[in-house]
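Colleague: Take a look and give me a structure for this.
(one chain, ligands or ions: 3)
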Amino acid sequence: DAPVRRDFIRQIVRDDLASGKHTAIRTRFPPEPNGYLHIGHAKAICLDFGIAQEFDGRCNLRFDDTNPAKEDPEFVTAIQDDVRWLGYEWASLRHASDYFEVYYLAAEKLVEDGHAFVCDLTAEQVREYRGSLTEPGRNSPFRERSVEENLDLFRRMRAGEFPDGARTLRAKIDMASGNINMRDPALYRIKHVPHQNTGDAWPIYPMYDFAHALGDAIEGITHSLCTLEFEDHRPLYDWCVDNVDLAAHPQLLAPLVARGLPIEAGKPRQIEFSRLNINYTVMSKRKLTTLVTEGLVDGWDDPRMYTLQGLRRRGYTPASLRLLVERVGISKQNSVIDFSVLEGALREDLDAHAPRRMAVLDPLKLVITNLPAEHEEALAFPNHPKDESLGVRQVPFASELWIERDDFAEIPPKGWKRLVPGGEARLRGAGIVRIDEVVKDGAGDIVELRASLDPESRPGMEGANRKVKGTIHWVSARHAVAAEVRLYDRLFVVENPDDETGGRTYRDHINPDSKRSVQGWVEPAAAGAGAEQSLQFERLGYFVADRHDHRAERPVFNRSVTLRDTWAA
Ligand code: ATP
Ligand code: MG
Ligand code: MG
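Modeller: Numbers count the residues shown, from 1 in each chain. Ligands and ions are numbered 1, 2, ... in the order given. Model prediction:
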């Protein structure tokens with residue numbers, strides 16, 4: 001059974017259902033298609049879609065495409081992929097641009113009701129008139145234009161008669177308000193820029209607050225969830241919803257009805273929650289975009305990126321990100337989550353679900369001299385120590401093996417438990433070996449170990465229970481498949497890459513060793529993994545078959561996370 005989540009937003013939703021204020025819950029996730037989604041968005045997605053799911057409601061995916069210059073259809077497609085990958089499906093896919101005609105009619109209504117006026121102040125003058133936190137603003141000299149004049153000018157703005165920036169449509173609210181957002185904010189601006197969905201149809205575009213509030217109202221959103229920085233915008237949000245009052249003015253929705261778009265107009269309530277912040281990361285689309293465009297990473301889905309595409313390629317699972325969001329919780333308290341919480345969520349999911357395999361990343365040859373050179377057998381290994389349902393695989397075993405170079409020490413440090421000259425260790429699932437001879441090349445480097453296998457210590461035999469200090473992993477040299485293994489580390493070397501004190505920026509804090517690639521050997525069952533299959537390589541960590549580059553005959557694995565937390569200071 002899913003746990004009952006008790007955060008304050010879900011409590012509001014429960015109360016609204018119990019009191020009969022709402023009989024059905026409607027939410028939306030409203031990304032701006034100007035970049036790829038990042039891990040912060042995962043929090044909003046899990047909340048918006050999760051609440052709809054838990055309360056038998058519906059969640060829309062709405063592209064906030066009110067800003068024509070910055071948007072790219074590439075992002076629209078990627079955002080849909082990401083939402084689905086996280087495990088959610090939208091009830092309806094919308095674009096804010098679907099509603100441009102309604103926004104326009106709503107703006108005309110505000111003009112007719114005396115709630116909006118056309119202002120000829122320049123952007124610079126608007127700033128001057130706005131005042132400050134300590135100083136009230138001043139009324140625009142154009143504030144008292146007649147309804148007829150305003151309507152005429154607004155229609156001519158719409159007809160494209162004026163150049164960019166010449167005029168704006170502003171709400172008539174209160175220039176003395178303590179909340180600067182309420183000092184006659186702009187509702188429309190002139191911008192002769194074609195739009196990806198509406199082409200050249202509009203020389204004017206609605207401002208975010210107006211479009212967002214009305215978009216929510218059009219779709220009958222009951223709970224409009226957003227991050228804390230919008231708290232100060234809530235009075236304006238409510239002002240737009242209340243003064244347009246779509247439910248009482250269905251004629252404003254006629255353009256949508258004509259196009260067959262289902263409408264459920266209502267009065268949404270905006271509720272804010274704190275953003276997800278994680279140390280050692282940057283989480284703004286602008287910064288993530290710069291990393292890509294300046295070639296500081298290998299693309300949007302570089303496994304070091306904090307985009308959902310990057311995390312996915314790194315081997316993060318949807319379940320691990322949902323678990324992270326649940327762990328972090330929903331509140332109004334801003335905080336920075338430790339990176340280890342993110343990795344911990346991934347480890348927890350992969351520990352439970354990732355099949356175990358053996359791989360050797362820094363190979364040293366070990367020859368078992370008391371087995372015939374052509375000896376070959378298949379050993380049955382469980383795929384998971386705690387989950388029998390994952391089944392059993394056959395692991396080839398032969399007289400020549402690869403082991404990890406650092407599982408042998410000629411001169412062992414104190415407390416060493418693995419192989420030494422003349423010493424024993426258990427080969428995982430195969431038996432106990434003793435090192436008889438260390439073979440070196442002319443330069444004195446170790447090139448091979450020669451060992452004997454205790455014939456009484458084979459699997460299932462009494463002697464297999466004999467105690468030896470260490471157990472090491474191995475692969476059969478003849479059967480193993482050569483693999484490229486990409487070892488990733490944190491992308492930033494400082495906890496807060498956003499901190500710009502001293503004139504340094506996040507670009508100056510990139511870890512030069514965050515990507516390393518090694519050639520190793522993997523057992524055949526690992527090579528045969530499908531793209532994006534997560535595996536635990538025993539004793540090494542969790543790895544994923546690279547989404548794009550992995551082939552059975554030329555395996556490529558990315559290290560997703562080490563077995564234990566290595567981030568502790
Ligand atoms: P960025 O600042 O990175 O450009 P944004 O807030 O402009 O992000 P949007 O596309 O507008 O990006 O975001 C869509 C939704 O995701 C919004 O409701 C926003 O509040 C939410 N969101 C964005 N970043 C985070 C975050 N770090 N934590 C939680 N929610 C977030
Ligand atoms: Mg935004
Ligand atoms: Mg932003």
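
Colleague: Report pLDDT for Ser284.
Modeller: Looking at Ser284, its pLDDT reads 89.

Colleague: try the one 3 residues further on
Modeller: In the prediction, the pLDDT value recorded for Lys287 is 93.

Colleague: Which strands border the strand ranked longest in the chain, and is each parallel or antiparallel?
Modeller: Using DSSP state E to define each element, the chain has its longest strand at strand 431-440. Each strand paired with strand 431-440, and its direction, by DSSP bridges: strand 424-427 (antiparallel), strand 446-453 (antiparallel).

Colleague: buried sites along it?
Modeller: Neighbour-count burial for strand 431-440 flags Gly431, Ile432, Val433, Ile435, Val438 (criterion: 16 or more other Cβ atoms under 10 Å). In this view, the C-beta of every residue, glycine as well, is placed from N, C-alpha and C.

Colleague: What is the burial count for the nearest residue to the first one once chain neighbours are set aside?
Modeller: Read that as Gly431. The spatially closest residue to Gly431, leaving aside those adjacent along the chain, is Ser457, at 4.3 Å (Cβ to Cβ, 6 or more residues apart in numbering). Taking other Cβ atoms under 10 Å as the criterion, the count of residues near Ser457 is 20.

Colleague: can you check the one 10 residues further on too?
Modeller: Here the number of neighbours of Lys467 (other Cβ under 10 Å) works out to 6.

Colleague: Break down this structure into its helices, ranges please.
Modeller: Using DSSP state H, the helices of the chain run over 8-18, 39-54, 73-85, 100-112, 123-130, 147-159, 208-218, 234-244, 254-258, 285-293, 308-314, 318-328, 339-353, 524-527.

Colleague: Can you lay out these as CSV showing distance to ligand 1 and mean neighbour count?
Modeller: Below are the helices of the chain laid out as CSV (distance: least, Cβ to the nearest ligand atom, whole Å; neighbours: other Cβ atoms under 10 Å):
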stretch, distance to ligand 1, mean neighbour count
helix 8-18, 13, 15
helix 39-54, 2, 22
helix 73-85, 8, 17
helix 100-112, 18, 22
helix 123-130, 21, 13
helix 147-159, 26, 16
helix 208-218, 9, 25
helix 234-244, 13, 20
helix 254-258, 23, 13
helix 285-293, 4, 17
helix 308-314, 12, 24
helix 318-328, 9, 20
helix 339-353, 13, 19
helix 524-527, 35, 21
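
Colleague: wait, which of those helices is closest to Asp64?
Modeller: Proximity to Asp64 (Cβ to Cβ) singles out helix 208-218 among the helices of the chain, at 6.8 Å.

Colleague: got the angle between that closest one and helix 100-112?
Modeller: Between helix 208-218 and helix 100-112, the angle comes out at 110 degrees (axes from the mean of the first three to the mean of the last three Cα atoms, to 10 degrees).

Colleague: for helix 208-218, packing partners?
Modeller: Applying 3 or more Cβ pairs under 8 Å, 6 or more residues apart in numbering; DSSP states H and E, one finds that helix 208-218 contacts helix 100-112, helix 234-244.

Colleague: would you turn the strands paired with strand 431-440 into TSV with mean pLDDT?
Modeller: Shown next, in TSV, are the strands paired with strand 431-440 (pLDDT from 0 to 100):
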stretch	mean pLDDT
strand 424-427	97
strand 446-453	98
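
Colleague: what residues does the stretch 151-300 of the chain put near ligand 1?
Modeller: Applying Cβ under 6 Å from any ligand atom, we find that the stretch 151-300 of the chain lies next to ligand 1 at Cys226, Thr227, Arg275, Leu276, Met283, Ser284, Lys285.

Colleague: got a list of what the closest residue in space to the last one that isn't next to it in sequence touches?
Modeller: Translated: Lys285. Excluding the flanking residues, the one nearest Lys285 by Cβ to Cβ, 6+ apart is Gly35, at 3.4 Å. Residues in contact with Gly35 (Cβ atoms under 8 Å, 6 or more residues apart in numbering) are Phe75, Lys285, Arg286, Leu288, Thr289.

Colleague: Let me know the pLDDT of Gly35.
Modeller: Value listed for Gly35 in the pLDDT field: 92.

Colleague: List the contacts of the residue nearest to Leu563 when sequence neighbours are not counted.
Modeller: Nearest residue to Leu563, sequence neighbours excluded (Cβ to Cβ, 6+ apart): Gly541, at 5.3 Å. Going by Cβ under 8 Å, 6+ apart, Gly541 touches Arg559, Ser560, Val561, Thr562, Leu563.

Colleague: who wins for most neighbours among the residues you listed?
Modeller: Ser560 (26 neighbours).

Colleague: Count residues in the vicinity of the nearest residue to that one once chain neighbours are set aside, would you?
Modeller: Leaving aside its chain neighbours, Ser560 sits nearest to Gly315 (2.9 Å; criterion: Cβ to Cβ, 6+ apart). Using other Cβ under 10 Å, Gly315 has 28 other residues around it.

Colleague: Quick check, Gly315 in contact with Arg547.
Modeller: No: contact criterion Cβ atoms under 8 Å: Gly315 and Arg547 do not qualify, at 9.3 Å.

Colleague: what sits against Val360?
Modeller: Val360 neighbours (Cβ under 8 Å, 6+ apart): Trp402, Ile403, Glu404, His473, Trp474, Val475, Ala480, Gly520, Trp521, Val522.
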